[in-house]
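K.L.:
Got a predicted structure here, sequence first:
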Amino acid sequence: MSSIIIVNRLLSRHPGVSGLVQNRIYPIQAPQMVDGPYIVTNETSIKDHPTTEGAGGYYKDRVTIETIAPSGDLALEIAQQAMVCLDAVLDLKVDRYRDVTCLFAGVGMTDSNDRNNEARRILRQYFVWWRLP
């Protein structure tokens, strides 16, 4: 869950993202009946890079970022701002995490998020590398 914490901190501090979703950035699942637009982040894989001495303590996680908004244009704008935010992350310290680097890993899907076809979702994946001190 560390990479979710890292990504949520980065997104919430980026004016291009926070200006669109305010504080509606949720780990794992958004609260029921939350008004959009908002972002949900999840981890899909976690891997420690081993060294010849054993566990390396340098983690490479895959994180999904779902942007949900009432229109496709707004969902895309939020997704683009998230990409601008994370593409700038190279060997940063984020709270207690160090050597944080993010890299776009691909688009998972775009679709409608609800039964009434009233919300649009864009899901993108990112790699997040990080270490603990």
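P.N.:
Right, received. Where do you want to start?

K.L.:
Let me see the contact set for residue 7.
P.N.:
With contact set as CB atoms under 8 Å, 6 or more residues apart in numbering, residue 7 has these partners: 41, 63, 65, 86, 102, 126, 128. Placement of C-beta: from N, CA and C, glycine included.

K.L.:
strands paired with the helix or strand hosting the first one, and their directions?
P.N.:
Here residue 41 sits within strand 38-48, counting by DSSP states H and E. Take DSSP bridges as the rule and strand 38-48 pairs in its sheet with strand 25-27 (parallel), strand 58-69 (antiparallel).

K.L.:
ranking those strands by burial, who's on top?
P.N.:
Counting by mean count of other CB atoms under 10 Å, strand 58-69 has the highest mean neighbour count of those, with a mean of 21.

K.L.:
list the buried ones in the following helix or strand past it?
P.N.:
Once strand 58-69 ends, the next helix or strand along the chain (criterion: DSSP H and E) is helix 72-87. By 16 or more other CB atoms under 10 Å, the buried positions in helix 72-87 come out as 74, 75, 77, 78, 79, 80, 81, 82, 83, 85, 86.

K.L.:
Need the strands paired with strand 38-48 in CSV (columns: mean pLDDT and distance to residue 46).
P.N.:
Shown next, in CSV, are the strands paired with strand 38-48 (pLDDT from 0 to 100; distance: least, CB to CB, whole Å):
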stretch, mean pLDDT, distance to residue 46
strand 25-27, 97, 14
strand 58-69, 93, 5
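
K.L.:
picking that back up, in terms of distance to residue 14, which of the contacts of residue 7 ranks first?
P.N.:
residue 86 (8.7 Å; CB to CB).

K.L.:
The helix or strand containing residue 124 - what's its average pLDDT?
P.N.:
Element membership for residue 124 (DSSP H and E) is strand 120-131. Taken as a whole, strand 120-131 has a mean pLDDT of 92.

K.L.:
Just the buried positions in that strand, please.
P.N.:
120, 121, 122, 123, 124, 125, 126, 127, 128, 129, 130.

K.L.:
need the contact list for the first one.
P.N.:
Pointing back at residue 120 there. The contact partners of residue 120, taken as CB under 8 Å, 6+ apart, are 68, 69, 70, 71, 72, 74, 75, 110, 111, 112, 113.
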